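# Sequence and computational prediction follow.
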Amino acid sequence: MIVETEAYAPDDPASHSYGGRTRRNVTMFGPPARLYVYRSYGVHWCANVVCAEEGVGAAVLLRALEPTHGLGRMRERRRLDDPTLLCAGPGRLAQALGLTGEHNGLRLDRAPFELIRGGPVEVVAGTRIGITRGADRAWRYALSGSSYVSRPRPRA
DNA sequence: GTATTGATCTTCT
DNA sequence: GAAGATCAATACA
């Protein structure tokens, strides 16, 4: 269950799509409902959902999940037992799900992916994390009260 | 509990 | 050559 996300827009200085296409971010400018995976700090993979029409360049970064299925495989990939740390952060999430650059550009509405609509939830907004530009936009969204988010108390 | 650092990819200066 | 949508290990208070 997705419990934490951040939004990135083309007119947003913190976004990879700011300033146009590069070899890395072409997926962001492609059709929506695809996965944009990029390498972060040379070490981690981070996964986004492309969520604007082709050519726009907007996406939502998946920052944290509450693991509900496949805990065993997540633990194998992460070499870690604590379920609250398995997917608490974009790099950890990608590692737990086994996402890499191979999955960049794949459709999320067919195998091996499946998105399931959840019930109504209470969401809190706060400032985004780990960025220096565009930090004033409160575009981080977290499930209220969840203990699986990467930072417990989003600052508004 | 906070602070610092190494990992070393991609983009930009 | 530097910085960045990060994490984990280590060093301190």
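Cool, got the structure.

# Next up, phi/psi of the residue most central in space within chain A, please.
What sits nearest the mean C-alpha location of chain A, by C-alpha atoms, centre = their mean, is residue A:62, with 1.5 Å. In terms of degrees, to the nearest 10, the main-chain angles of residue A:62 are phi -80, psi 110.

# Equivalent analysis for residue A:84, please.
According to degrees, to the nearest 10, residue A:84 has phi -80, psi -10.

# What is the end-to-end distance of stretch A:118-137?
One end of stretch A:118-137 to the other measures 26 Å (C-alpha to C-alpha, to the nearest Å).

# what's that stretch in contact with?
Identification of contacts with stretch A:118-137 by C-beta atoms under 8 Å, 6 or more residues apart in numbering yields A:1-2, A:6-7, A:12-15, A:63, A:138-145, A:150-151, A:154-156. Placement of C-beta: from N, CA and C, glycine included.

# Now intersect those with the strands, please.
Among the contacts of stretch A:118-137, the members found in strands (DSSP state E) are A:2, A:6, A:7, A:63, A:140, A:141, A:142, A:143.

# will you turn the residues you listed into a markdown table that also has neighbour count?
What follows is the ones in strands among the contacts of stretch A:118-137, written out as a markdown table (neighbours: other C-beta atoms under 10 Å):
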| residue | neighbour count |
| --- | --- |
| A:2 | 19 |
| A:6 | 23 |
| A:7 | 19 |
| A:63 | 28 |
| A:140 | 23 |
| A:141 | 19 |
| A:142 | 24 |
| A:143 | 20 |
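
# picking up where we left off before, residue contacts, the residue nearest to the centre of chain A?
Here residue A:62 is in contact with A:2, A:4, A:5, A:46, A:47, A:48, A:49, A:90, A:93 (criterion: C-beta under 8 Å, 6+ apart).

# Report the beta-bridge partners for it.
Per DSSP bridges, the residues bridged to residue A:62 are residue A:5.

# So it versus residue A:20, what's the distance?
24 Å (C-beta to C-beta, to the nearest Å).
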